[in-house]
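J.: Provided below for reference: sequence and predicted model.
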Amino acid sequence: MRLWMLIIVAIILSIVSLFIGAIDIKPSDLLDWESQEMQIFLISRLPRLLAIILAGAGMSIAGLIMQSLSRNKFVSPTTAGTLDAAKLGILISMLFFTNVTYTQQVIFSFVFALVGTLLFMQILDRIKFKDVIFVPLIGIMYGNILSSITTFFAYEGDLIQNINSWLMGSFTLIIAGRYELLYISIPAIILAYIYANKFTVAGMGEDFAKNLGLSYKLVLNTGLILVAIIATTVVLTVGVIPFLGLIVPNIVSLYLGDNLRKTIPHTAVLGVVFLLVCDILGRIVVYPYEIPVNVTVAVIGSAIFLILLFRGRAYAK
Amino acid sequence: MIEIKELTKRFGNKPVVNNVSVNIQPRAITSFIGPNGAGKSTLLSMVSRLLDADTGEVLLDESNVKKWKSDQFAKRVSILKQSNYLNVRLTVRELISFGRYPYSKGRLTDEDEQFVDQAIDYMNLGDMQDKFLDELSGGQKQRAFIAMVIAQDTDYILLDEPLNNLDMKHSVQIMKILRKLVDELGKTVVIVLHDINFASVYSDYIVALKNGSVVKSGPTNDIINPEALREIYDMNIPVQEQNGCRICVYFNSH
């Protein structure tokens, strides 16, 4: 698979995405700046596309970084408690401040995502039995514990409705003014690319990294901060998208290996393609209504994940 | 030169390495031998800064290894731990290129590429340089890792049980390569070995450890004799001369 092919597919899907929806917009409508179609295009369709691109690339790269740093192919923001911790952070901010601002939510969510992931890495450091399947299972249990704490306090504070909306990854409500937080993940993605070689070296283990003169702890912490930034921005704008950070990096690793400088561009574009396909499917299956993207991602993603598990067990070791 | 001075490391209350002082002779192979749990690998890890010592110091060119900058140290001393289970999917060439990391931080210059090519030639990996590591056999993998260390171009090469899980043919191959590194390129090789006969046949100096302390150290011939071996292993081991090599026949000793 070549990068330019992936990019062409992503561009075609992007164009398709722009012209699918309850209201029919033709390219010719966009010639008139004042038309209603043009307004819908600018307020809804374009922001939605940008959100998909940023979330797709971001979550895939976040998963790739986590897999490299934890040296486990099945660790990702959804299997290591990162997203659950981010949600807990949002909830705490709502309980803590009566009139919580957006910035406060972002900060709380980021800090919780970071600390939550660090904690998981500490647990990982301590367990002796580092099986490829066992580790993500621990991560999922850990995430569920965080999640049940969230549910408990949400129940106490009458905020159940609220958390359910973050649970559900969906682009339906993305309009201009409600997705701009995602732009923060752009510098994080660029930094991830700059750090690619360091992540690859760190992914070979602490001894290996030290032998090559790399400050392992610093790289590890930088990676986790980048992951937390990306996860926070996605949870707060789109919600939780499962499987994305898990399967996309694994598919790329199968055909391209684990040299991050090589795989990051592929992972980003493939993540965008995958999320675009899922979102477009969700929009046409029950047209003119919509299925939230987390449902289509979960259905397609779990199928791909099972295939990876069955044929990939030997390679993942 | 590397000087180890009164080095001690405790895990809990138990000293694993106890007041060890030894000098590593340059341009030679020095083998660390001894029974299980003697502290060989721990000692090697402290020399290479992977572990911090509790007391004592390791000097490289008369200055404490802890005071060296990471990237400068990585240009002088390399260490390869038991790495057969590394699960990163890199091609052989990519892995070897990372040996140049201390110099170029991953952006290879023409000079770096030359070092990588030379290392590939040296280890005879030319026809498999674009294969992924997980497609290689244990012996090929070990050669790829040693090629990476050659590309790292350090004066000192430290290896922790590099013959683990290798069959006889590949073990001999690896030891011959290490010998060549010393004789042709003037490297200093320090190696933890389990098999006393590989130590006897290929090394210039031997440091024998037991319960964390040095029992004997010196030129190979001073160590490979029944008296010294009894002291190290608590076994009566006859030594036979075979084509100029001293072979320890320990299989049926008591």
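T.: Yes, it's here. Numbers count the residues shown, from 1 in each chain, chains lettered A, B, ... in the order given.
J.: nearest spatial neighbour of the spatially most central residue of chain B, skipping sequence neighbours?
T.: Nearest to the mean C-alpha position of chain B, by CA atoms, centre = their mean, lies residue B:159 at 2.3 Å. Excluding its sequence neighbours, the residue lying closest to residue B:159 (CB to CB, 6 or more residues apart in numbering or on different chains) is residue B:191, at 4.6 Å. Every C-beta, even on glycine, is put in place using the N, C-alpha and C of the backbone.
J.: Am I right that that neighbour falls within a strand?
T.: Yes - assessed with DSSP: H, G, I helix; E, B strand; the rest coil, residue B:191 lies in a strand.
J.: quick one, what contacts it?
T.: Going by CB atoms under 8 Å, 6 or more residues apart in numbering or on different chains, residue B:191 touches B:29-32, B:158-159, B:162, B:178, B:203.
J.: Within range of chain A, give me the residues from chain B.
T.: Within chain B, the positions adjacent to chain A are B:48-50, B:70-75, B:78-81, B:83, B:86-91, B:94, B:98-99, B:101-102, B:105-107, B:132, B:134, B:152 by CB under 8 Å from any CB of the partner chain.
J.: ok, residue 199 - contacts?
T.: Since you didn't name a chain, this refers to chain A. A:65, A:68-69, A:192, A:219, A:223, A:260.
J.: try again with chain B
T.: B:31, B:33, B:193, B:206, B:220, B:224.
J.: Look up the residues forming beta bridges with the first one.
T.: I take that to be residue B:31. Using DSSP bridges, the bridge partners assigned to residue B:31 are residue B:191, residue B:206.
J.: State the pLDDT value of it.
T.: For residue B:31, the model assigns a pLDDT of 97.
J.: residues near it, how many?
T.: 25 (other CB atoms under 10 Å in any protein chain shown).
J.: for the second one, same thing?
T.: Counted by other CB under 10 Å, the residues lying close to residue B:33 total 28.
J.: Quick check: it touching residue B:210?
T.: No - using CB atoms under 8 Å, residue B:33 makes no contact with residue B:210, being 9.7 Å away.
J.: out of the contacts of residue A:199, who's nearest chain B?
T.: Of all these, residue A:68 has the smallest distance to chain B: 8.1 Å, by CB to the nearest CB.
J.: quick check, the closest one in a helix?
T.: Yes - looking at residue A:68 with three-state DSSP, it is inside a helix.
J.: what's the nearest residue to it if we skip its chain neighbours?
T.: residue A:203 (3.8 Å).
J.: and what of residue B:164?
T.: Nearest residue to residue B:164, sequence neighbours excluded (CB to CB, 6+ apart): residue B:82, at 5.4 Å.
J.: What is the burial count for residue B:222?
T.: Around residue B:222 there are 12 residues (other CB under 10 Å).
J.: which element follows the helix or strand where it lies toward the C-terminus?
T.: Using DSSP states H and E, residue B:222 maps to helix B:220-223. Moving toward the C-terminus from helix B:220-223, the first helix or strand encountered (DSSP H and E) is helix B:226-233.
J.: So which bits of stretch B:49-59 are buried?
T.: Buried positions in stretch B:49-59, judged by neighbour count with 16 or more other CB atoms under 10 Å in any protein chain shown: B:49-51, B:53, B:56-58.
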